[in-house]
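> When you get a sec, could you give me coordinates for this:
(one chain, ligands or ions: 1)
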Amino acid sequence: MRIGVDLGGTKIEAIAIADDGRVAARRRVAAPRGDYERTLAAIASLVGDVERDAGARGTVGVGIPGTISPASGLVKNSNSTWINGRPLADDLPRLLDRPVRFANDANCLALSEATDGAAAGAASVFAVIIGTGTGGGIAIDRRVVTGCNAIAGEWGHNPLPAPGADEWPGPECYCGRRGCIETFLSGPGLARDYAASGGTELTAIDVARLAGEGEAGALACMARYEDRLARALGSVINVLDPDVIVLGGGLSNIDRLYASVPKLWNAYIFSDDVRTKIVRAAHGDASGVRGAAWLWPREM
Ligand SMILES: [Zn+2]
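Below is the predicted model of the structure:
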């Protein structure tokens, strides 16, 4: 049995996947925001709960926002800031009395969808979470690519490719730079672009809905968004050339992206013919926790 834990900013979820692939147990609790010790205790208690529910002991994989720094062994790059600089990769195995595998939450999305989701059977998968941020992850042959700095797939803090005059130097980003992909393609980025172009303060999903109703400002905003997404994904395709790109996160529910972006990205890709598929995550919000469980893969 495989246990996956998704450590999110607002909730912690755990599932147990039985050897036949069935979900044998599922539990979630609110994240003890700001409290590392209680976060550890909550994970340990969730693992105990799903093992009791499923009646078996399991391997444990944990998806985290951020990553374990190969240099220090401590958590880095997490927007759940109370785990940054903490020895999660030492504390949790000791607490659970077994080895624990960790991966970034977008890497877990890539692994989940490559294992038995929207990219099942694909040799190489690039997955992005477009929501409050723009995380990204890579799975090759159903294994997560971590990288020597543990940042493989982190496209969100690259500069937006081929910026126009009105996109340069771009909005300030929390990482300290300007014009990062995340500042344009995250939900807040889309919402800000709409408001800055004469629209009102709306969420990204509401802007997409207004575009569906034919509102001119929202249509123009979505067209800008889609061209930016095409540029940002086009540069990934030029480097990695994945078989499938999976979109997860709140903005992955915007249907028009799947038709519009592939029409736009040819202009940015160094190929006469682009066969790359772009699909919505099949497991939705559950992909993080499922991918964490698959950090202990099936024997091939
Ligand atoms: Zn940035």
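> how distant is whichever strand or helix holds residue 230 from the center of its chain?
Taking DSSP states H and E as the criterion, the element that holds residue 230 is helix 216-240. Here helix 216-240 is found 18 Å from its chain centre; the criterion is CA atoms, centre = their mean, to the nearest Å.
> How about residues contacting that helix?
Around helix 216-240, the neighbours that count as contacts under CB atoms under 8 Å, 6 or more residues apart in numbering are 124, 126, 136, 138, 155, 158, 160-162, 167, 181, 184-185, 190, 193-194, 197-199, 207-208, 210-211, 242, 245, 254, 256-257, 260-261, 264-265, 267-270, 274, 276, 278. Quick note: C-beta positions are derived from backbone N, CA and C, even for glycine.
> What's the first helix or strand after it?
Later in the chain than helix 216-240, the nearest helix or strand by DSSP H and E is strand 244-248.
> circling back: which among the contacts of helix 216-240 end up buried?
With burial judged by 16 or more other CB atoms under 10 Å, the buried subset of these is 124, 126, 136, 138, 155, 158, 160-161, 167, 181, 184-185, 190, 193-194, 199, 207-208, 210-211, 242, 245, 254, 257, 260-261, 264-265, 268-269, 276, 278.
> Among the residues you listed, which lie within helices?
Assigned to helices by DSSP state H, the following of the buried ones among the contacts of helix 216-240 qualify: 181, 184-185, 190, 193-194, 207-208, 210-211, 257, 260-261, 264-265.
> still on that earlier bit, report the mean per-residue pLDDT for the helix holding residue 230.
Taken as a whole, helix 216-240 carries a mean pLDDT of 98.
> Flag every buried residue along it.
Of the residues in helix 216-240, those buried under the neighbour-count criterion (16+ other CB under 10 Å) are 217-218, 220-222, 224-237, 240.
> touching the ion at all, it?
No - counting by CB under 5 Å from the ion, the ion is not contacted by helix 216-240; separation bottoms out at 12.8 Å.
> quick check: angle from that helix to helix 257-265?
Taking axes from the mean of the first three to the mean of the last three CA atoms, to 10 degrees, one finds that helix 216-240 is oriented at 70 degrees with respect to helix 257-265.
> quick one: helix 216-240 to strand 244-248, angle?
Between the axes of helix 216-240 and strand 244-248, defined by the same axes, to 10 degrees, the angle is 140 degrees.
> quick one: the strands in the protein?
With DSSP state E as the criterion, the chain has strands at 2-7, 11-17, 23-30, 59-64, 67-68, 75-76, 100-104, 124-130, 134-140, 143-144, 244-248, 277-280.
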